[in-house]
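Engineer: I would like the atomic coordinates for the input below:
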Amino acid sequence: MKGFTTKILNTELPKKDPYGSIHIPIYDNVAFEFESSKEISEAFLGRINRHVYSRISNPTVEYFEKRIKVLTDSLGVLALSSGMAAISNLILTVVGAGDNIVCTKYIFGNTYSLFSYTLKKFNIEARFVDPQNHEEIERAIDDKTRLIFLESITNPQLIVSDFEKITKIAKNKNILLVVDTTATPPPIFKAKDFGIDVEIISSTKFISAGATSIGGLIIDYGTYNWGNNPYLKEYYKKFGPYTLLSKLRNEVYRNLGACLSPHNAFLQSLGLETIHLRVEKACKNALFIANYLNYIDIIKNVRYPGLESFPDYNLAIKYFPVYQGSILTFELPTKEKCFSFMDNLKIIRKSTNINDNRSLIIHPATTIFSEYDENDRLKLGVTNTTIRLSVGIEDVEDLIEDINNSLKKI
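Structural biologist: Okay, here's the model as predicted:
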């Protein structure tokens, strides 16, 4: 099977359902019964593959993970309670006190907060760099650097990195390369094709099929030598390429308790079945709207990776050849006009999510970056006149009419 949706719809169930259901049931239970004391002991020791407690593994979650594994052709997948849980679990598995991570300075607000403030309490340093300045990336790396962290398209700056060049840097330095691809999940971006070691996705977005549930994914492509990491050397001797996933499942993920609920796994597994259709519609809508906004005088600096005027257009087409995402930004003359425009919209909703079925709009400076002062926001590429629009799957003619009606009132 080669087709994206065909693979999803034909991913085999772990076990045949006694009633012949073609969907895996929601195993909304905590504990699992065993036939004997020896059997439960063997399961806890990892000698037999059985679910023992839903905080560690669960049949419904397992099937969702399997579907993602099939789609991405990855070594393995771990599903967690949120995208932020996926990032924090990964960091706390591969980075220790006194270490550092090299990270793009143009990054989602909560991720920036995690790296700037929360990780400091663990004596973990985040070194923020311009992802397009490859010499700066190399200079930031030393013998205490454990990973390079990027976003496939930054939010809301919409910057695209040259992954092949950064992959080369990471390989030469034996550094783990991690990319958050929430803005470009399957079927937009094939991370494995460009040497990315670990992919992070907030499955809350496109995958959940309309913001039905919160979730996150750690996708390991099996390309990094975990023997290079001082905290995983012993695990590597036993588990080889499965080191990261084993360490997470047997310790960090288990102990932190950031498990995905079975109900959310069920919803997101269903979401995968229609993701290609929704991605196609949303991305086509976004490109149409971006082109349209370019011809409106009051609107300036329309940014969308699929526009030929986009600064990183060549990189966007190289790495995302079919679809370039569903997020765009533009500017109005003042913050007040931004607010007036947003308040007059009737179809497009004021909401912080992205890649929803609905079109959502925010003013980033006063929402997802509101905890930072103006100087910090400007350093992060967030201005008071910028609006972010995450385009949904509505009829594009209705979205255009909504935008036009609102612009007449500002």
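Engineer: contacting residues around His244?
Structural biologist: I think there's a mix-up here, since residue 244 is Leu and not His. 93-94, 198, 218, 220, 224, 226, 232 (CB atoms under 8 Å, 6 or more residues apart in numbering). C-betas here are computed from N, CA, C, even on glycine.
Engineer: export those to a markdown table and tack on distance to Leu147?
Structural biologist: Formatted as a markdown table, those follow (distance: CB to CB, whole Å):
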| residue | distance to Leu147 |
| --- | --- |
| Thr93 | 10 |
| Val94 | 6 |
| Val198 | 8 |
| Ile218 | 13 |
| Asp220 | 13 |
| Tyr224 | 9 |
| Trp226 | 12 |
| Leu232 | 12 |
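Engineer: my read is Arg278 is in a strand, agree?
Structural biologist: No: with DSSP: H, G, I helix; E, B strand; the rest coil as the criterion, Arg278 is assigned helix and is not in a strand.
Engineer: The closest residue to it other than its chain neighbours and Lys7: what is the separation?
Structural biologist: Once flanking residues are discounted, Arg278 sits nearest to Ile393: 5.6 Å by CB to CB, 6 or more residues apart in numbering. Taking CB to CB, to the nearest Å as the measure, Ile393 falls 22 Å from Lys7.
Engineer: try Thr93
Structural biologist: 29 Å.
Engineer: Between those two, which has more neighbouring residues?
Structural biologist: Thr93 (23 against 16; other CB atoms under 10 Å).
Engineer: Surely the more buried one and Arg249 touch.
Structural biologist: No: the criterion here is CB atoms under 8 Å, and Thr93 misses it with Arg249 at 10.5 Å.
Engineer: circling back: okay, now the residue nearest to Arg278: neighbour count?
Structural biologist: 21.
Engineer: now the one 10 residues further on
Structural biologist: If you count neighbours by other CB under 10 Å, Ile403 ends up with 23.
Engineer: and if you look at Ala286?
Structural biologist: Neighbours around Ala286, by other CB under 10 Å: 26.
Engineer: and it, helix, strand or coil?
Structural biologist: helix.
Engineer: Next one: it from Pro311, what distance?
Structural biologist: 17 Å.
Engineer: ok, now Ser81?
Structural biologist: Distance from Ser81 to Pro311, by CB to CB: 36 Å.
Engineer: So which of those two has more stuff around it?
Structural biologist: Using other CB under 10 Å, the more surrounded residue of Ser81 and Pro311 is Ser81, with 20 against 14.
Engineer: Distance of the more buried one relative to Arg55?
Structural biologist: Taking CB to CB, one finds Ser81 at 11 Å from Arg55.
Engineer: where do the helices sit along the stretch 151-300 of the chain?
Structural biologist: 163-173, 233-239, 243-247, 253-256, 262-272, 275-293 (DSSP state H, counting those that start in this stretch).
Engineer: Pull the contacting residues for the nearest residue to Lys168 once chain neighbours are set aside.
Structural biologist: Nearest non-adjacent residue to Lys168, counting by CB to CB, 6+ apart: Gly195, 8.0 Å away. With contacts defined as CB under 8 Å, 6+ apart, Gly195 is in contact with 163-164, 167-168, 170-171, 177, 223.
Engineer: redo that, cut-off 7 Å
Structural biologist: 167, 171, 223 (CB atoms under 7 Å, 6 or more residues apart in numbering).
Engineer: cool, Ser152 as well?
Structural biologist: Counted by CB under 7 Å, 6+ apart, Ser152 has contacts 179-181, 183-184, 189.
Engineer: Now with 8 Å, please.
Structural biologist: So Ser152 contacts 160-161, 163, 179-184, 189, 191, 319 (CB under 8 Å, 6+ apart).
Engineer: residue boundaries of the strands in the stretch 1-150 of the chain?
Structural biologist: 76-80, 100-104, 125-129, 145-151 (DSSP state E, counting those that start in this stretch).
Engineer: contacting residues around the second one?
Structural biologist: When contacts are taken as CB under 8 Å, 6+ apart, the neighbours of strand 100-104 outside the stretch itself are 91, 95, 115, 124-131, 137, 140-142, 144-151, 154, 159, 161, 175.
Engineer: got a pLDDT number for the residue nearest to Arg278?
Structural biologist: Reported pLDDT at Ile393 in the predicted model: 97.
Engineer: hang on, the earlier thing: need the helices of the stretch 151-300 of the chain in TSV with mean pLDDT and distance to Pro25, can you?
Structural biologist: Formatted as TSV, those follow (pLDDT from 0 to 100; distance: least, CB to CB, whole Å):
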stretch	mean pLDDT	distance to Pro25
helix 163-173	97	39
helix 233-239	95	31
helix 243-247	97	25
helix 253-256	96	23
helix 262-272	97	8
helix 275-293	97	22
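Engineer: so Tyr304 makes contact with Asn285?
Structural biologist: No: contact criterion CB under 8 Å: Tyr304 and Asn285 do not qualify, at 11.1 Å.
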